[in-house]
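>>> Quick one, what's the 3D model for this:
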Amino acid sequence: MLSVMEEMDSDQICSELDISPSNLWVRLHKARLALAKCVGARWFQGEGVTQHA
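Numbering: from 1, shown residues only. Reported below is the predicted structural model:
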């Protein structure tokens with residue numbers, strides 16, 4: 001949310017959350033995967049699109 005909504009850069013986010021850059025990357029990666037799964041399940045529901053894990 002800080003990255004997209006508040007337009008903070010990575011250094012600012014790491015400082016604000018007191019986390020390392022690698023931890024930020026992991027958090028963003030997991031969030032993007034969860035978002036893709038949610039969008040895939042909801043957006044394309046019933047359109048015959050194969051779901052990926």
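
>>> average pLDDT for the helix or strand containing Arg32?
In the assignment (DSSP states H and E), Arg32 maps to helix 21-43. The average pLDDT within helix 21-43 is 90.

>>> If you count neighbours, what's buried in that helix?
Leu24 (16 or more other C-beta atoms under 10 Å). No exception for glycine: its C-beta is placed from N, CA and C like everyone else's.

>>> Nearest residue to Ile27 in space, please, no chain neighbours.
That one is not Ile; residue 27 is Arg. Ile19 (7.6 Å; C-beta to C-beta, 6 or more residues apart in numbering).

>>> Tell me the secondary structure at that neighbour.
At Ile19, secondary structure determined by DSSP: H, G, I helix; E, B strand; the rest coil is coil.

>>> Could you do Ser3 as well?
coil.

>>> That one and His29, how far apart?
Noted for Ser3: a distance of 12 Å to His29, by C-beta to C-beta, to the nearest Å.
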